[in-house]
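Novice: Pasting the sequence and the predicted model now:
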Amino acid sequence: MASGEEVRNKQVVLRDYVSGYLKESDMCMATATITLKVPEGNSKAVLVKNLYLSCDPYIRGHTKSIQGGYADEYFKPGSPIVGYGVAKVLDSGHPDFKKDDLVWGFTGWEEYSLITATESLFKIHHTDVPLSYYTGLLSMPGMTAYTGFYEVCAPKKEEYVFVSSAFGAVGQLVGQLAKLLGCYVVGSAGSKEKVDLLKTKIGFDEAFNYKEEKDYDACLKRYFPEGIDIYFDSVGGKMLDAALLNMRLDGRIAACVLRKLYPEQQTTMAGSQKASGSENKTIDPSHPLYIHHSDQPGHVLVPIKLNGVNYQSWSKAVIHALTAKKKIGFVDGTVEEPSQEDEPFMFEQWNQCNSMILSWLTHAVESDIAEGIIHAKTAREVWVDLRDQFSQKNAPAVFQIQKSIATMSQGTMTVAAYFTKIKALWDELETTVPR
């Protein structure tokens, strides 16, 4: 087709913002027209013919109306759906792209797209593989799998790896990367057919249907009797809770997608709340049971690890960190476990927070100390145990600091220097004296 020609442009259009599952009826086919030339004034725009389009799970989140969120920017009712795709450049006003270049990145679900946000567009330099790979293996799913597994989890040969949502685009790749490295890999999926394919075609050592398992903790202990080294998490919720109970020392968790927030889980949760008289209950960000998106099980709570002789300084650092996160009540006992029968929603939130803090504390102590707390059920139990073990072991240090204070004299120091030095000693004593 000639440059500047006006042509018909078939599109897949979002009818309206979606509540719950994205259905076929939420979309429709439409036909518009487009001129095959970058309009004047769009000096950095690129006009492309789309060759391959990728349908990914994240699109479901984009189709929901989020006040001030990214859904408002990319997905608008009456407009084509946006996602990853592979395309050929027909016309370009951008110096990095020229006619006939092959590119991949964000584009519309339509035959032709005028792309103005070219920062999300990448030129394809290697055409010796199928172009469709740039919607999967060499695109977002592949980069997510590679980065999450190699950069976040830092795997080693023969480690034990668990992948939830293993039949998804990312999960399949994580499992294969782990097998190539020589790891033992188990995946979870939602049907017998998917489980069979994971084991027979994709190469997982074992797989199970999570819908048939009543006790996730017992299930993981069955497949990982020696514990889990790496958990690639794509679901969150109760599966994450169970995985936390089965992690080995120095285990790593990559939190990819918390699918617990997807519609099916929200529906289940809403039903629980309605039954307990707490329909549509939400957690306020100021509430101690609120979990911020940055709070992850592998989070480094404090920069120092408890080694047995630094308890006072370590405990103060932990108190500051937990106070800042509004989680101090889990260790001082003021945030009590809700009743599972009367408050199922709050009970589940409490358990998630407690498991998270248990993981933080385990990672905040040296490995020999961690062995003694790894089986504790509550953060409060761990906190009291560590205090009882280590808070009384600083008597020699206290004596030495007190002696230094008693014998210090100003001598030739300036008043400011003398004050600074003695204040430092008093602060050290304050930190070291058992409380």
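Specialist: On my side now, so go ahead. Numbers count the residues shown, from 1 in each chain.
Novice: So what pairs up with the closest residue to Leu121 other than its chain neighbours in the strands?
Specialist: Sequence neighbours aside, Gly105 is the residue nearest to Leu121 in space, at 4.0 Å (criterion: C-beta to C-beta, 6 or more residues apart in numbering). All C-beta atoms are positioned from the backbone trio N, CA, C, and that covers glycine. Here Gly105 sits in beta bridges with Gly85, Leu121, going by DSSP bridges.
Novice: Gly105 and Ser120 touch, don't they?
Specialist: Yes. Counting by C-beta atoms under 8 Å, Gly105 does reach Ser120; the two are 4.6 Å apart.
Novice: Look at those two and report which has more neighbours.
Specialist: Neighbours were counted for Gly105 and for Ser120 using other C-beta atoms under 10 Å; Gly105 has more, 22 against 12.
Novice: If I look at that one, what pLDDT would I see?
Specialist: For Gly105, the model assigns a pLDDT of 91.
Novice: Can you show me the strands along the stretch 151-300 of the chain?
Specialist: 160-163, 184-189, 206-209, 228-233, 247-255 (DSSP state E, counting those that start in this stretch).
Novice: Report pLDDT for Ala395.
Specialist: pLDDT, Ala395: 59.
Novice: Surely Glu337 is in a helix?
Specialist: No. Counting by DSSP: H, G, I helix; E, B strand; the rest coil, one finds Glu337 to be coil, located in no helix.
Novice: in what helix or strand does the nearest residue to it once chain neighbours are set aside lie?
Specialist: Spatial nearest neighbour of Glu337, chain neighbours left out: Trp350 (5.5 Å); criterion: C-beta to C-beta, 6+ apart. Assigned by DSSP states H and E, Trp350 falls within helix 344-363.
Novice: So which bits of that helix are buried?
Specialist: The neighbour-count check on helix 344-363 (16 or more other C-beta atoms under 10 Å) flags 344-363 as buried.
Novice: Just the CA atoms of that helix, as PDB, please.
Specialist: Only the C-alpha atoms of helix 344-363 are listed here, as PDB (Å, rounded to 0.1, in the frame of the first residue of the first chain):
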ATOM      1  CA  PRO A 344     -12.500 -14.700  58.800                       C
ATOM      2  CA  PHE A 345     -11.300 -11.800  56.700                       C
ATOM      3  CA  MET A 346      -9.300 -10.200  59.500                       C
ATOM      4  CA  PHE A 347      -8.100 -13.700  60.500                       C
ATOM      5  CA  GLU A 348      -6.600 -14.300  57.100                       C
ATOM      6  CA  GLN A 349      -5.000 -10.800  57.000                       C
ATOM      7  CA  TRP A 350      -3.500 -11.400  60.400                       C
ATOM      8  CA  ASN A 351      -2.000 -14.700  59.400                       C
ATOM      9  CA  GLN A 352      -0.500 -13.200  56.200                       C
ATOM     10  CA  CYS A 353       1.100 -10.400  58.200                       C
ATOM     11  CA  ASN A 354       2.300 -12.800  60.900                       C
ATOM     12  CA  SER A 355       3.900 -15.100  58.300                       C
ATOM     13  CA  MET A 356       5.500 -12.100  56.600                       C
ATOM     14  CA  ILE A 357       7.100 -10.900  59.900                       C
ATOM     15  CA  LEU A 358       8.200 -14.400  60.800                       C
ATOM     16  CA  SER A 359      10.100 -14.400  57.500                       C
ATOM     17  CA  TRP A 360      11.600 -11.000  58.100                       C
ATOM     18  CA  LEU A 361      12.800 -12.100  61.600                       C
ATOM     19  CA  THR A 362      14.300 -15.300  60.300                       C
ATOM     20  CA  HIS A 363      16.300 -13.400  57.600                       C
END
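Novice: next helix or strand past that helix?
Specialist: helix 367-370.
Novice: and the helix or strand just after that next one, what other elements does it pack with?
Specialist: Sequence order places helix 379-390 as the next helix or strand after helix 367-370, per DSSP H and E. Packing contacts for helix 379-390, counted by 3 or more C-beta pairs under 8 Å, 6 or more residues apart in numbering; DSSP states H and E, involve helix 311-324, helix 329-332, helix 344-363.
Novice: would JSON lines of these with mean pLDDT be doable?
Specialist: Converted to JSON lines, the helices and strands packed on helix 379-390 look like this (pLDDT from 0 to 100):
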{"stretch": "helix 311-324", "mean pLDDT": "88"}
{"stretch": "helix 329-332", "mean pLDDT": "92"}
{"stretch": "helix 344-363", "mean pLDDT": "90"}
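Novice: and Gly142, which of these is closest to it?
Specialist: With C-beta to C-beta, the closest approach to Gly142 among the helices and strands packed on helix 379-390 belongs to helix 344-363: 28.4 Å.
Novice: So which elements touch the closest one?
Specialist: Counting contacts by 3+ C-beta pairs under 8 Å, 6+ apart, helix 344-363 is packed against helix 237-245, helix 263-275, helix 329-332, helix 379-390.
Novice: Repeat the analysis, applying 10 Å as the threshold.
Specialist: Under the contact definition 3 or more C-beta pairs under 10 Å, 6 or more residues apart in numbering; DSSP states H and E, helix 344-363 sits against helix 237-245, strand 247-255, helix 263-275, helix 311-324, helix 329-332, helix 367-370, helix 379-390.
Novice: and the angle from the first one to strand 228-233?
Specialist: Comparing the axes of helix 237-245 and strand 228-233 via axes from the mean of the first three to the mean of the last three C-alpha atoms, to 10 degrees yields an angle of 160 degrees.
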